[in-house]
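> Curious how this folds, go ahead:
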Amino acid sequence: MADRMRELVDILNKASKAYYAEDQEIMSNFEYDKLYDELVALEQKTGITLSDSPTVHVGYEVVSELPKERHPAPMLSLDKTKDVEALADWLNGKEGLLSWKMDGLTVVLTYDNGELVKAVTRGNGEIGEVITANARTFKNIPLRISYKGRLSVRGEAVISYSDFEEINSKIPDTDAKYKNPRNLCSGSVRQLNSEITAKRNVRFFAFSMVDPEDKELFDSFDNSFKKRFEYLESLGFQVVEYKEVTSETIADAVKSFAEKISQNDFPSDGLVLDLEDVAYGKSLGMTAKFPRDAIAFKWKDEEAETTLTEIEWSPSRTGLINPVAIFEPVDLEGTEVRRASLHNISYVKDMKLGIGDRIKVYKANMIIPQISENLTKSGNLEVPDMCPACGAATVIKNENGTETLNCPNPECPAKNIKLFSLFVSRNAMNIDGISEATLERFIGEGFLHRLSDIYKLSDYRDKIVVLEGFGEKSYNNMLSSIEKSRKCTMEGFLYGLGISGIGVANAKLIVRYFKSDFDRIINATAEELCEIEGVGEVMARDFTDYMSKTDKREEIDRLLSEVEFVIEENTAEQDLEGKTFVITGSLNSFPNRDALKKVIEDRGGKVAGSVSSKTSYLINNDINSNSSKNKNAKKLGVPIITEEDFLNL
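Sure thing, here's the model as predicted:
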């Protein structure tokens, strides 16, 4: 039932987001109500209400500081081993449960009379911080459970790799990005404003429970650790993945967990082995530091010795120039590795690195390549005095004892990565195979200094095909796409230049107004541009300012020598001229909104993103929808028409 509830919560929340935030309906009201009623019935039947259920609304709370609280009993760390045989010996013929050791923040949830009443972090093991309001926003915990006694559940709060990457992708400043999911999770869980925690998609995975006060319930577990897991699942908790093991099967179980690491979306730093017989485990007591009923397993870092062949200095959009070690390829954890981050100049100096040094490398937590030791310590590395991306003189900064290399040039192409990314995007030059990460790499290698250099990447073929993640096939696919882009639309080219305020729609308006005469476009005055409906004074000024700069015009000339405009003759009757449309909802007659948009624009009309008093028609196949665009249209008296109505205009 808990699995079905999670499924329903996910479906209903997606439908609500599409409806209220994106003006799209992915299911009818009837379907939504049917699933909602099913969820309510399951919540009533099980006594479980998940924290992100649409049947509850969690209020956010802001506090000046997090109160501290002493744990009833110390939360001890576990003894550790990297030896699988040691795990088998530790079991000593007993049965155990092997589970993930997740890399997040340990939290204790306490329920009373079925309600979540308190959440406390592990802290230093004796005193933790009370984070109850924040825990209520965790994506997958039950706010209410069917058990009405007092129950405390221990688990790990984590942020998935995919959520971590999405959050980081929205932070433009590289230095401000979070270093890893664990750091982000720790900061998110301990926020003073629970609304911030809610946006971070924190999840909780239970790994143990404190003995419940109800002796009858306690006896029903029959001293079985596995039954405790199963009971927690029945209450609506997600528990860490586990396997039953013996001394004979432990090695295979460890191997099966190891094989999943590269596919896991959550961070982990090892495994935990618990004794299945809870009473027996407690009877063993504890050492001065560790309990004896559980032990942690840390992955034995597989090391390999190799030779440092190069240091790549990689410029970033913040001006930081990061050193990356390039070494003779070695096989680690089943994959070939030839690169490892060196972080900063201080790290390089501390390691006494130099070209030709013999080094040892490993994968931290079986994932991230690192240098563990420098065997020869030549220390002969020279720090570059010029930025590899733009040639400007570099600057070494020292902040809090850490030295970093920086490029002070504001026009450095590495700092303008977004412009390159825009230029190759689908609505601009539509060049596949060049991601933002690839652009950063090419800029760092010195292949790209300006936009027109994209059309000269074939000069670096031999260097590109040996880059990590590239090869002949990737190179050929990229080059093929570059060649295709040489025939482009004028509006796509104009949009790709990155002129402030000139989006795809405005680029089309300008091209149409000047009848695809590019000389007139680049020499247009602000007054002429303001004659175009939809182009205001600020946009016109930004456009003419851009075109008045010598370096910009020179770059346009270089680009024009590489590309050819494809001007489609528009034979459509201009019967929609002066009319503005807004499109929402799903379509039936057109494959997508872009196709419908093109028909409108070919016929002289304009497509806007939101309904206003200037809107002529709102196209929505669900005329009776309660979407915000429908409501605005009705409020402003804008006609709402279907696709069929549009085709009959």
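
> hang on, Asp163 packs against Arg200?
Yes: counting by C-beta atoms under 8 Å, Asp163 does reach Arg200; the two are 7.3 Å apart. C-beta here means a position set from N, CA and C on the backbone, and glycine is covered the same way.

> can you pull out the strands in the stretch 201-350 of the chain?
203-209, 242-245, 268-275, 294-297, 304-315, 320-332, 335-341 (DSSP state E, counting those that start in this stretch).

> same thing with the stretch 1-150 of the chain?
49-50, 68-70, 80-81, 96-102, 105-112, 115-121, 127-129, 142-144.

> just so I know, which of those lies nearest Asn380?
strand 80-81 (37.9 Å; C-beta to C-beta).

> From the contact counts, what lies against that closest one?
Applying 3 or more C-beta pairs under 8 Å, 6 or more residues apart in numbering; DSSP states H and E, one finds that strand 80-81 makes contact with strand 294-297.

> ok, residues contacting the helix or strand Ile396 falls within?
Per DSSP states H and E, Ile396 falls inside strand 395-399. Here strand 395-399 makes contact (C-beta atoms under 8 Å, 6 or more residues apart in numbering) with Ile345, Val383, Glu403, Thr404, Leu405, Asn406, Cys407, Pro408.

> wait, is the second one part of a strand?
No: remark: Val383 does not belong to a strand; assigned using DSSP: H, G, I helix; E, B strand; the rest coil, it is coil.

> In contact with it, which residues?
Val383 neighbours (C-beta under 8 Å, 6+ apart): Ile345, Val348, Thr394, Ile396, Leu405.

> Retrieve the pLDDT associated with the fourth one.
According to the per-residue confidence, Ile396 scores 92 in pLDDT.

> Next one: it relative to Gly444, how far apart?
Going from Ile396 to Gly444 by C-beta to C-beta, to the nearest Å gives 18 Å.

> cool, and the second one?
Val348 sits 17 Å away from Gly444, going by C-beta to C-beta.

> Can you show me the strands along the stretch 451-600 of the chain?
Using DSSP E, counting those that start in this stretch, strands in the stretch 451-600 of the chain cover 487-488, 564-565, 580-583.

> Out of those strands, which is closest to Leu184?
strand 580-583 (37.2 Å).

> what residues does the closest one touch?
By C-beta under 8 Å, 6+ apart, strand 580-583 touches 593, 596-597, 600, 605-611, 614-620, 629, 633, 646.

> Over that strand, what's the mean pLDDT, rounded is fine.
91.

> ok, Ser314 - contacts?
So Ser314 contacts Ile321, Asn322, Pro323, Val324, Pro388, Glu440, Arg441, Gly444 (C-beta under 8 Å, 6+ apart).

> Drop the exposed ones from these and show what's left.
Burial by neighbour count, judged by 16 or more other C-beta atoms under 10 Å, picks out Ile321, Asn322, Pro323, Pro388, Glu440, Arg441, Gly444 from the contacts of Ser314.

> coming back round to it: now tabulate the contacts of Val383 in TSV and tack on distance to Asp519 and neighbour count.
TSV is the format used below for these (distance: C-beta to C-beta, whole Å; neighbours: other C-beta atoms under 10 Å):
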residue	distance to Asp519	neighbour count
Ile345	50	20
Val348	52	21
Thr394	41	19
Ile396	48	12
Leu405	44	22
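
> and Arg461, how far is that from Leu448?
Relative to Leu448, Arg461 is positioned 14 Å away (C-beta to C-beta).

> Have a look at those two and say which one is more surrounded.
Leu448 (24 against 13; other C-beta atoms under 10 Å).

> Skipping adjacent residues, who's closest to the more buried one in space?
Once flanking residues are discounted, Leu448 sits nearest to Phe442: 4.7 Å by C-beta to C-beta, 6 or more residues apart in numbering.

> how near is that neighbour to Pro408?
Phe442 is 22 Å from Pro408, by C-beta to C-beta.

> Those two: who's more crowded?
Applying other C-beta under 10 Å to Phe442 and Pro408 shows that Phe442 carries more neighbours, namely 22 against 12.

> so where does that one fall, helix or strand?
Going by DSSP H and E, Phe442 is in helix 436-444.

> Okay, the closest residue to Ser224 other than its chain neighbours and Ala206: tell me how far apart.
In space, Ser224 comes closest to Glu276 once its chain neighbours are excluded; the distance is 6.3 Å by C-beta to C-beta, 6+ apart. To Ala206, Glu276 is 17 Å away according to C-beta to C-beta.

> just Lys552 next, same as before
Note on Lys552: its distance to Ala206, by C-beta to C-beta, is 59 Å.

> who's more crowded, those two?
The residue with more neighbours, out of Lys552 and Ala206, is Ala206; 21 against 15, by other C-beta under 10 Å.

> quick one: the more buried one and Val158 touch, right?
No: counting by C-beta under 8 Å, Ala206 does not reach Val158; the two are 11.9 Å apart.

> if we can go back for a sec, tell me which of the strands of the stretch 451-600 of the chain lies nearest to Lys139.
strand 580-583 (32.6 Å).

> Strand partners (parallel or antiparallel) of that closest one?
strand 606-608 (parallel), strand 617-619 (parallel) (DSSP bridges).

> Now do the phi/psi pair for Pro181.
phi -60, psi -30 (degrees, to the nearest 10).

> how about low-confidence regions in the stretch 51-200 of the chain?
Where the stretch 51-200 of the chain drops to pLDDT under 70, the residues are 57-64, 172-177.
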